[in-house]
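**Q** Structure of the sequence below:
(chains A and B)
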Amino acid sequence: MSLLDVEGLRIRLPTTRGLVTVVDGVDYAVEEGEVFGVAGESGSGKTMSMLSLLGLLPDGAVVDGRVRFGGNDLLHMPRRRLREVAGRDLAMVFQDPLTSLHPMLSVGRQLTEHVQRHLGVGKRDAERKAVTALEEVRIPDPAAALRAFPHQFSGGMRQRIAIAIALACRPKLLIADEPTTALDVTVQAGILRLLDRLRRENDLSVILITHDLGVMSAIADRVSIFYAGRVVEAGSREEVLRTPRHPYTQALLDALPHPEAGEDKPLVAIGGAPPSPGAIPSGCAFHPRCAYAVATCHVEVPALVPKDDRLLACPPDPFAAR
Amino acid sequence: MSALELRDVVVDYESRGGGRVRAVAGASIAVEPGQIVGLVGESGCGKSTLARAAVGLVRPTEGTVEFEGAPVTPLTRRARPRDLVRLQLVFQNPYSSLNPRRKIGAQLADGRDARRGQGARIRELIDIVGLPAAAAERFPHEFSGGQRQRVAIARALAAEPSVIVLDEPLASLDASAQAQLANLLVDLSRELDLGLLLISHDLAIVRHIADAVSVMYLGRMVETGPTSPLWQLPLHPYSEALIGAVPHPDGTGFLPQALPGEVPNPASPPSGCRFHPRCPYAFDRCRVDEPPLVPLQGDRTAACWLQPEGASVETPSIRRDQLHSGASVE
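**A** Here you go, the predicted model:
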């Protein structure tokens, strides 16, 4: 059994024009000790599908489907119990650590409070665990760091602290939403190596949400490509990123500057813009931007089906030959 | 004559408590007409401050800034000299640099007024940056991030500039919007003979569109050169570390190299070479003497004791081995 099993997840959010579907029937599973990458442009439903696991969706959101996590159904669980489970076994790190860390509380207070609450240990023990947590993410002089406040650290250090807090209770699953997007490449490389080490040494599972396929390529074992609230392609990192089969995945890769690409190869931008929720095109949502669309793409919503060693939602399958 | 030239610029900020922080500690950079110059470095290295000095938003403590041969005078309460209108700046966040309560067309017209021009070219500007004609009648909030950045670029173009300084113009955009804008910048530069100074922490993008690159560390240039050779064979250990940290989106599972440590506080820079505490090649001299930026072969420069003036192009690690084996460096 997988650590996390998501089936038919559908999320509708209330707007002034009624309910709008932002995640439309998504399935995936995350195994123990694996890094599961979720990629897609902004507005593709990546973040909302993760917030639903933690019960953090805005009020009035309607969620259908099933999310099994270690024997619990996260979607149909009393709020109190969800907080218990989610607080201890699930943790989330956001893009901007300044907004997730409390500016007026010392790092020590934020770390120990969390540990005391979820592990039920005393203050002394909690402090010892806090120091260990900071050591693990390689914060120099952890004892001094405990007394300091978030603004006294650089962006990279803050993100390390946010990760330390997230990991202090030894969660089974860490959801990292664009954890390195706001950081310099040098610091980003450090965070990626840190996540990779924690996965190997502590058997931590990670869901890595990013729009940066380079970041994904560095540490994800399996990846899922989201478009307009659906998964369009999923499979092993190698399969999906080296030989993409969905035109959208291919287009995302063509748009990226590859550090070792040949001279003057222009970037190929995807025409048009991603659709906004509430105005999703008929049929395959990608068809208005797709160079390979055929007549059926305009009307039939393609199902995500096994094709060779991956899952693909593209019946014309224009890159099947390679 | 360069279109925009900064020579030995030093910028000090007063810090609370009366101290001084040297954000830029003697840096030079030049932009030619039709050339795209990338300025890269980690946050806190002074690249944004240098960009602000380049357009006269901060007054350099020392050094000179010249635009088309005339000094760029820092902004005061008096009107900005009319000729400086041809030197424009585009900020990272187009939402905060556009007026949310005025239509795009009206905001573009402001730029035309500055040139005593007519509003008739507004439609053309909107077309140049690839927005639909109806954009003129819309407000900034009706656009996506990428489109808003196009509006900001159109606003800069309205003044018919010869040089645009862009501070992180592509950050916070999706890959596809990034690619669209990057291509737009290249086209604009080539077609309008525009000089662009592109400040970015995204090395892969800079590598793709810049003709020349300057690498900045803690207020100083550590390496400059034509983009492609610099990328293939960085001469300064810091450039080497920056390039090694860029992830490859190819599915191979290449784990980028981390550079240990952080950019030191510019208020108390390390002795000797500013990079030495983080440098894997540092030796005795680096801790004491600060290396000057010297010319090397192939139109390149570097500020590293491993790269003697006029030397051929060779990696820092080979230079170090030569140094330790006592061989002379040509």
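**Q** When you work out contacts or count neighbours from here on, use the C-alpha atoms and nothing else.
**A** Noted.
**Q** what ranges do the helices span in chain B?
**A** Here chain B has its helices, by DSSP state H, at B:47-54, B:94-97, B:104-114, B:122-128, B:145-158, B:175-192, B:203-209, B:227-232, B:237-244, B:284-288, B:316-324.
**Q** so which of those helices gets nearest A:Glu41?
**A** Evaluated with Cα to Cα, the helices of chain B place helix B:175-192 nearest to A:Glu41, the distance being 7.7 Å.
**Q** For A:Phe226, the count of nearby residues, please.
**A** 25 (other Cα atoms under 10 Å in any protein chain shown).
**Q** what's the answer for A:Met216, then?
**A** Neighbours of A:Met216 (other Cα under 10 Å): 29.
**Q** which SS state does it fall under?
**A** When classified by DSSP: H, G, I helix; E, B strand; the rest coil, A:Met216 comes out as helix.
**Q** which residues does the residue in chain A positioned nearest to chain B contact?
**A** Scanning chain A for the residue nearest chain B gives A:Gly214, at 3.7 Å (criterion: Cα to the nearest Cα). For A:Gly214, the contacting residues are B:247-250, by Cα atoms under 8 Å, 6 or more residues apart in numbering or on different chains.
**Q** out of the residues you listed, which touch chain A?
**A** B:247-250 (Cα under 8 Å from any Cα of the partner chain).
**Q** Name the member of those residues with the shortest distance to chain A.
**A** Checking these against chain A by Cα to the nearest Cα gives B:Pro249 as the nearest, at 3.7 Å.
**Q** Using CSV, lay out the contacts of A:Gly214 together with pLDDT.
**A** Shown next, in CSV, are the contacts of A:Gly214 (pLDDT from 0 to 100):
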residue, pLDDT
B:Pro247, 92
B:His248, 90
B:Pro249, 89
B:Asp250, 88
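**Q** Throw those residues into JSON lines and include neighbour count and distance to B:Pro60, thanks.
**A** JSON lines is the format used below for the contacts of A:Gly214 (neighbours: other Cα atoms under 10 Å in any protein chain shown; distance: Cα to Cα, whole Å):
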{"residue": "B:Pro247", "neighbour count": "26", "distance to B:Pro60": "36"}
{"residue": "B:His248", "neighbour count": "25", "distance to B:Pro60": "38"}
{"residue": "B:Pro249", "neighbour count": "22", "distance to B:Pro60": "40"}
{"residue": "B:Asp250", "neighbour count": "20", "distance to B:Pro60": "43"}
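**Q** Contact residues of chain B facing chain A?
**A** Chain B comes close to chain A at residues B:42-43, B:174-180, B:182-183, B:201-202, B:204-205, B:207-208, B:228, B:241-242, B:245-260, as judged by Cα under 8 Å from any Cα.
**Q** let's see 7 Å
**A** Within chain B, the positions near chain A by Cα under 7 Å from any Cα of the partner chain are B:42-43, B:174-176, B:179-180, B:183, B:201, B:204-205, B:208, B:242, B:245-259.
**Q** Got a quick ChimeraX command for the buried subset of the residues you listed?
**A** Listed next is the ChimeraX selection for buried residues among the residues of chain B next to chain A, using 16 or more other Cα atoms under 10 Å in any protein chain shown:
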select /B:42,43,174,175,176,179,180,183,201,204,205,208,242,245,246,247,248,249,250,251,253,254,255,256,257,258,259
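**Q** Contact partners for the closest residue in space to the residue of chain A closest to chain B that isn't next to it in sequence?
**A** Ranked by Cα to Cα, 6 or more residues apart in numbering or on different chains and with sequence neighbours excluded, the top spatial neighbour of A:Gly214 is B:Pro249, at 3.7 Å. Applying Cα atoms under 7 Å, 6 or more residues apart in numbering or on different chains to B:Pro249 gives the contacts A:213-214, A:217, A:258.
**Q** I appreciate the help and will end here.
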